[in-house]
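Colleague: predicted model follows, preceded by the sequence.
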Amino acid sequence: MPRSCCICGTEVPPSRSKRAATCSPECQKTRILRYSRSYYKANPDAWRLSHVARRYGLSAEEYARLVDTAGDRCAICREPQQGKSLAVDHHHDTGVVRGLLCQNCNIMIGMARENPEILRQGAEYLISTAERYTRENPIC
């Protein structure tokens with residue numbers, strides 16, 4: 001009895017595996033995409049854990065330990081991140097995970113090209129100009 005493709009309804013060719021539910025690799029990609037979208041939409045935490053495992057090599061337990069240690073706060077600004085997931089900060093050359101950051105602090109680190117000297121100079125600049133340039137005494 002011929003089998004029908006679960007995506008487009010055409011007959012699954014006999015050359016495909018006996019377990020194949022689709023008629024072609026294109027339909028197979030569509031099937032996977034449909035399944036993954038609906039699954040991860042229904043289970044957003046599962047997507048996050050899957051992403052963290054693939055991208056950073058962290059198990060669910062290791063990630064949970066990082067979140068518990070962070071206390072749902074960014075490691076830099078210490079702002080609470082209720083309802084938002086913290087970004088996994090990692091060294092881009094070595095891949096070593098450093099901690100969890102809010103989106104703004106993660107972008108700041110990236111924009112400084114992970115160079116502590118740039119961040120230090122930025123902090124010194126802000127400190128040195130904090131009193132000099134106020135609303136009462138603007139630069140222009």
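Modeller: Yep, that arrived.
Colleague: rest of the way, CA atoms for contacts and neighbours
Modeller: OK.
Colleague: residues in contact with the residue nearest to the spatial centre of the chain?
Modeller: Nearest to the mean C-alpha position of the chain, counting by CA atoms, centre = their mean, stands Ala87 at 6.1 Å. Taking CA atoms under 8 Å, 6 or more residues apart in numbering as the definition of contact, the neighbours of Ala87 are Leu100, Leu101, Cys102, Gln103, Asn106.
Colleague: try Ala53
Modeller: Counting by CA under 8 Å, 6+ apart, Ala53 makes contact with Ser59, Ala60.
Colleague: quick check: it vs Ala20, distance?
Modeller: Separation of Ala53 from Ala20 (CA to CA, to the nearest Å) stands at 28 Å.
Colleague: just the ones in helices from the contacts of Ala87, please.
Modeller: Among the contacts of Ala87, the members found in helices (DSSP state H) are Gln103, Asn106.
Colleague: identify the single longest helix in the protein, thanks.
Modeller: Identified as the longest helix of the chain according to DSSP H is helix 25-42.
Colleague: what about the chain, any weak spots by pLDDT?
Modeller: Across the chain, the ranges flagged by pLDDT under 70 are 133-140.
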